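J.: Okay, sequence plus prediction incoming.
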Amino acid sequence: MSRPGTLTVYRGELRKLRAQKRTYLGLGAAVLVPIVFAVAVAIQPGEPADVPFGRYINDTGLAFPLVTLLFGSIWFYPLIAALVSGDIVANEDNNGTLKTILTRSVERSQIFFGKVIAAFSYSILAIILSGVVATIAGIIVSGFNPIPTLSGTLETPERGLLLVAGSLAVYLMPILAISSFALLLSTVFRNSAAAVVGTLMFSLLLQLVVIIPGLDGLQPYLLSTQFNSWQGLLRTPADWDPIIRAAWVCAAYAIPSLAIALTVFLRRDVAGG
Amino acid sequence: MSERAPVALRGLTKQYGRITAVDDVSLTVNEGDVFGYLGPNGAGKTTSLRMMLGLITPTAGEARVFGHDPQKSVDALADVAGFVEAPRFYPYLDGMTNLRLVASLDGNDAKSRIAEALDVVELTDRADDKVGGYSHGMRQRLGIAAALIRRPKLLLLDEPATGLDPGGMRDMRALIARLSAEGMTVMLSSHLLAEVEELCNRVAIVRSGRIVYEGELDELRAAAGLTIRLRTSDDEVALRVLADRRGISDVVRHGPAPIQFRAADEAAIGELSRALADSGALILELAPSAATLEDLFFELTEGEGDAQAEEKRLDELSDLTGGSQ
């Protein structure tokens, strides 16, 4: 049998996630919210015309996942990501199990990276699941029809579906940055609730920073702004600038967060539990 | 001392701010030992064990297991298993899944030993129950099972019988004795002298983070001296007989309580009994004091007391044990 490593830890983390209620709470919400949104659209007239693609939800189901992404970026998806990422290290402290896993045959760094990959996997799954459910629910309610781009051109349903998939993929960048920040808080605070709430507050604060006079110049570099970068795909031709900027801005948030978390995790004394 | 000794602590120190939890501890656990790390709660036993397992970084000194430094790599723990404080598991998983999880982190063929380990700790019937529903004793046993699946050469156990009922304590001690008989080196921390006396061949006594004695338990018993309790038909006469007698020392009498004294050896007691009979003080009770080792333990570990008196006592111990501390 091969020597255990990061992949072994990752599989173990998935097994633990499968057995925890909070995993299903997050995934359940990721599925339910688009369904509730679709039902609301189906039973009452009107549309959220003040957001991009909001006015198209009665024309094409492909607008549903995009509108869900826009609404979800304020706190809903960051919360779902933080539910697991903010807990995945801290719950070892809460259970006192850090000493149990750190005295086996895997290095601390391998345990940390196994947890990071598991937290990322969960966040990716939640976004994809939510996007797929929103697309299916939208198509049921409003049909599989062409979708107008932000440039005013009309895309075929098939190409529209590809653009939705691409948008979800781009949306994962800020989500994984949020997950990284939650992992940092989870490692530093050693308390799940503090890490989840702290991540949510961080996300909300970033949304508010731009309303402070004189700080609007920061907007392109705020994590909250990157939640809208996927809209570059829905222009004709595609505008890659916001997407490229999102890639490095998100990395600028995620990499230091993970680096600090790893350093703390490697150096910390495991004195509790 | 072998450089590859199961445990070798050299000047091990851990400070938390101004508090020194472990203070310049040096000791060696040899292969085949059942080593008792004995001291009152808060003496620094658990902190020392955590450093041996690489969970805590020493402020100074080093802890080596089989010659390797657990601070550098978890590879140092290849032949080591155990737990500090109560063993902890995921309460939302059953016992079997918990063991599979930790066995997967061990690699090799650890998983194949799960059934056997569960059998050894008699948890096979409860393996499919969630650990959240386990009693304290069952968790302790699961902790032992989790250690056994690593097939360790050194077992580190922190207060293994704490929180167990009398039956659980008996079973735990029987298990440790059996593992030792099978060749495993065991180091266990305890605040229970009786537990250490029953299981261990060597002992270190720790007080306020410092080792105040390390050596064979038998030597410690000898060092404690043969304290004898004496009641006679005429204690006044008996006290005169005891005074300045060769091989007899530390004669004390508190009110109506029996006279107590220390005897250098059994021959001194034999001669004393004849002298007492000759003097007319008939012996009503002449017995070794069962509390001797316990008294010594408390003397070594309790209160700050008179530093000079303690120093003198330790010097005496050192002389009697050949300077093993």
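T.: Received, thanks. Numbers count the residues shown, from 1 in each chain, chains lettered A, B, ... in the order given.

J.: where along chain A do the strands fall?
T.: Ranges of strands in chain A, per DSSP state E, are A:147-148, A:154-155.

J.: what packs against the first one?
T.: What that stands for is strand A:147-148. Strand A:147-148 is packed against strand A:154-155, helix A:157-189, with contacts defined by 3 or more Cβ pairs under 8 Å, 6 or more residues apart in numbering or on different chains; DSSP states H and E. (C-beta placed from N, C-alpha, C; glycine too.)

J.: Distance of residue A:84 relative to chain B?
T.: As judged by Cβ to the nearest Cβ, to the nearest Å, residue A:84 and chain B stand 14 Å apart.

J.: excluding its backbone neighbours, what's nearest the residue in the stretch 101-250 of chain B positioned nearest to chain A?
T.: As assessed by Cβ to the nearest Cβ, chain A sits closest to residue B:105 within the stretch 101-250 of chain B, at 3.7 Å. Once flanking residues are discounted, residue B:105 sits nearest to residue A:104: 3.7 Å by Cβ to Cβ, 6 or more residues apart in numbering or on different chains.

J.: That neighbour reaches residue B:78, doesn't it?
T.: No - applying Cβ atoms under 8 Å, one finds residue A:104 not in contact with residue B:78, separated by 10.4 Å.

J.: The two: which has the busier surroundings?
T.: Applying other Cβ atoms under 10 Å in any protein chain shown to residue A:104 and residue B:78 shows that residue A:104 carries more neighbours, namely 24 against 17.

J.: quick one on the thing from earlier: tell me the secondary structure for the residue of the stretch 101-250 of chain B closest to chain A?
T.: State at residue B:105, reduced to three classes by DSSP: H, G, I helix; E, B strand; the rest coil: helix.

J.: just residue B:15 next, same as before
T.: Applying three-state DSSP: residue B:15 is strand.

J.: tell me which residues form a beta bridge with it?
T.: Beta-bridge pairing for residue B:15 (DSSP bridges): residue B:20.

J.: ok, it - how many residues close by?
T.: Neighbours of residue B:15 using other Cβ under 10 Å come to 14.

J.: shouldn't it be in contact with residue B:44?
T.: No - here residue B:15 lies out of contact with residue B:44, judged by Cβ under 8 Å, at a distance of 10.9 Å.

J.: Between the two, which contacts overlap?
T.: Common contact partners of residue B:15 and residue B:44 (Cβ atoms under 8 Å, 6 or more residues apart in numbering or on different chains): residue B:21.

J.: quick one, helices of the stretch 201-325 of chain B?
T.: Applying DSSP state H, counting those that start in this stretch to the stretch 201-325 of chain B gives helices spanning B:217-224, B:235-242, B:266-279, B:292-301, B:307-320.

J.: Confidence-wise, which of those is weakest overall?
T.: The minimum mean pLDDT among the helices of the stretch 201-325 of chain B belongs to helix B:307-320 (a mean of 51).

J.: What's the local residue count around the residue nearest to residue A:80 when sequence neighbours are not counted?
T.: Excluding the flanking residues, the one nearest residue A:80 by Cβ to Cβ, 6+ apart is residue A:26, at 4.5 Å. Residue A:26 has 24 neighbouring residues, counting by other Cβ under 10 Å.

J.: what's the answer for residue A:189, then?
T.: 18.

J.: give me every residue that touches it.
T.: A:90, A:195, A:198 are the contacts of residue A:189 under Cβ under 8 Å, 6+ apart.

J.: Report the separation between the last one and chain B.
T.: I take that to be residue A:198. With distances taken as Cβ to the nearest Cβ, residue A:198 is found 24 Å from chain B.

J.: before we move on, back to that, roughly how far does the residue nearest to residue A:80 sit from residue A:85?
T.: As judged by Cβ to Cβ, to the nearest Å, residue A:26 and residue A:85 stand 10 Å apart.

J.: Now name the helix or strand holding residue B:61.
T.: Using DSSP states H and E, residue B:61 sits within strand B:60-64.

J.: Please identify the pairing partners of that strand and their relative orientation?
T.: Here, using DSSP bridges, strand B:60-64 pairs with strand B:7-16 (antiparallel).

J.: what mean pLDDT would you report for the partner strand?
T.: On average, strand B:7-16 scores 96.

J.: How far does that strand sit from its chain's centre?
T.: 18 Å (Cα atoms, centre = their mean, to the nearest Å).

J.: same check, this time on stretch B:153-160
T.: That offset, for stretch B:153-160, works out to 11 Å (Cα atoms, centre = their mean).

J.: Buried residues, it. List them.
T.: B:153, B:154, B:155, B:156, B:157, B:158, B:159, B:160 (16 or more other Cβ atoms under 10 Å in any protein chain shown).

J.: now for those, which pair is the farthest apart?
T.: B:153 and B:159 (21.7 Å; Cβ to Cβ).

J.: Output stretch A:168-176 in PDB with nothing but the alpha carbons.
T.: Taking C-alpha atoms only, stretch A:168-176 is exported to PDB below (Å, rounded to 0.1, in the frame of the first residue of the first chain):
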ATOM      1  CA  LEU A 168     -20.100  29.800 -13.300                       C
ATOM      2  CA  ALA A 169     -16.500  28.800 -13.800                       C
ATOM      3  CA  VAL A 170     -15.400  32.500 -13.600                       C
ATOM      4  CA  TYR A 171     -17.600  33.000 -10.500                       C
ATOM      5  CA  LEU A 172     -15.600  30.200  -8.800                       C
ATOM      6  CA  MET A 173     -12.500  32.500  -8.600                       C
ATOM      7  CA  PRO A 174     -13.900  34.900  -6.000                       C
ATOM      8  CA  ILE A 175     -15.700  32.000  -4.300                       C
ATOM      9  CA  LEU A 176     -12.400  30.100  -3.800                       C
END
